[in-house]
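Q: Structure here, sequence nowhere to be found:
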């Protein structure tokens, strides 16, 4: 009798929430051994403003060693004082020279060459950070008053900026509003981007890339047989002639007819501390592209960006359609760290990889903040191989974190709150190698759901 009383008292001490959680844990199908490795802590996501502060500090730290502030010690060429157009000044410049552009609107499409810095003139208080309508990120005052405009141009392969293949990070574009590239369909070969970063590795900083008729900034390598028709080309790694490993830092990329920033064909840019929003190509008649995307072997490093209100999703990575005589021989494997995403619609997750990654080069989703998305917060699907660690996901209209028909090498120390569904789902033959320290609070459904012949490795083996 005494044993029954003690057992009953112990059960009462658990409380209704504990009993509810234990019942849902049984429904979820997660092995007891794995459940014991997870956290019972209450999840309290930081405010969006606090998360943005963390993100921008991470971006600044990542950008600092990548941008050389001492290289340009040559001549100073001023537009329009010394040269009537920006292009003439660039053509006359040598490596190490600086082309300074005074405030105004310039109806040009620019081709940059190696080692030249193009910068807007500071003038009176030009380096002050000022508010940009609708944005959280502030830009230099000189950015908003120095405009490169494509509204008088015709559609072509040339973007508002092109970069000579092979140029490196001592080529800098600093502080311009870049707008109105003519409208075109970026799904069709031969298109341009607002900034065409093709086989080049420039630094693009403090720019406002807006209202262009294609993807805002597009990155991809140049192959040795670049001029052949697509069906005859060799898209393998060994055939790369010029890589694309630029630095895209502290820009606002808004309202473009395509992605905000796209990474294709083995490009590996550093996309750091930008704000990317209101980008959509829905009017082209296909599913809208996301704010940022990567495919065809791309390996971008994406740190500290603010990505919001892109109808096609936030940061999405895929395999890409087969191209050329051999196809692409390396998986897409982005590194996505400490970004802030919210309000990116219901047509794509906030962060996901549909395919891509490998055991040697996994997709990495680490330390991101996801708020109020009408889809999955963070996901691996279609055979992706990745790592999901230290993310905070709040207020999703679907599961917070999903591993679907994919392999997660690590799912550790993530926190999910307020999902309209299970916090974590592992389904459709998914495999998880390590799963430790995850917390879930206030979700509609089990904390963890394991279904469809999915497996989690025994931690004791």
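A: Perfect, thanks for sending it. Remember, it's a predicted structure, so these values are computed and weren't measured experimentally. Numbers count the residues shown, from 1 in each chain.

Q: Skip the chain neighbours and tell me the closest residue to residue 453.
A: Of all residues not flanking residue 453 in the chain, residue 429 sits nearest, at 5.1 Å (CB to CB, 6 or more residues apart in numbering). Any C-beta I mention is one placed from the backbone N, CA and C, and that applies to glycine too.

Q: whoops, I mixed them up, residue 168
A: residue 201 (5.2 Å).

Q: and what of residue 25?
A: Per CB to CB, 6+ apart, closest to residue 25 is residue 35, 5.8 Å.

Q: Same check on residue 145?
A: Distances taken as CB to CB, 6+ apart place residue 103 nearest to residue 145, at 4.2 Å, with adjacent residues excluded.

Q: do residue 22 as well
A: In space, residue 22 is closest to residue 14, 7.7 Å off (CB to CB, 6+ apart).

Q: hmm, back to that, OK, contacts around the residue nearest to residue 168?
A: Neighbour list for residue 201: 167-169, 171, 243-247, 269 [criterion: CB atoms under 8 Å, 6 or more residues apart in numbering].

Q: ok, 10 Å please
A: Counting by CB atoms under 10 Å, 6 or more residues apart in numbering, residue 201 makes contact with 66, 114, 163, 166-171, 219, 242-247, 267-270.

Q: Among those residues, name the ones in strands.
A: Here DSSP state E is the test, and the contacts of residue 201 give 163, 219, 242, 247, 270 as lying in strands.

Q: Now rank those residues by neighbours and give me the top one.
A: residue 219 (30 neighbours; other CB atoms under 10 Å).

Q: contacting residues for that residue?
A: When contacts are counted by CB under 10 Å, 6+ apart, residue 219 touches 193, 195-201, 244-246, 248, 261-269, 271, 294, 298, 300.

Q: cutoff 7 Å now
A: Contacts here follow CB atoms under 7 Å, 6 or more residues apart in numbering; on that basis residue 219 touches 197, 244, 246, 262-264, 267, 269.

Q: cool, residue 412 as well?
A: 389, 434-437.

Q: can you pull out the strands in the stretch 51-200 of the chain?
A: Secondary structure of the stretch 51-200 of the chain (DSSP state E, counting those that start in this stretch): strands located at 76-79, 98-101, 104-106, 110-112, 117-120, 129-130, 139-140, 146-149, 161-163, 172-174, 177-179, 195-198.

Q: For residue 88, which of those strands is the nearest?
A: strand 76-79 (8.1 Å; CB to CB).

Q: Which strands or helices does the closest one pack on?
A: Judged by 3 or more CB pairs under 7 Å, 6 or more residues apart in numbering; DSSP states H and E, strand 76-79 is in contact with helix 86-92, strand 98-101.

Q: With mean neighbour count and mean pLDDT as extra columns, can I get these in a markdown table?
A: Compiled in a markdown table, the helices and strands packed on strand 76-79 are given as follows (neighbours: other CB atoms under 10 Å; pLDDT from 0 to 100):
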| stretch | mean neighbour count | mean pLDDT |
| --- | --- | --- |
| helix 86-92 | 18 | 98 |
| strand 98-101 | 22 | 98 |
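
Q: Tell me how many other residues surround the nearest residue to residue 119 once chain neighbours are set aside.
A: Spatially, and ignoring its direct neighbours in sequence, residue 119 is nearest to residue 174 (4.3 Å; CB to CB, 6+ apart). Using other CB under 10 Å, residue 174 has 20 other residues around it.
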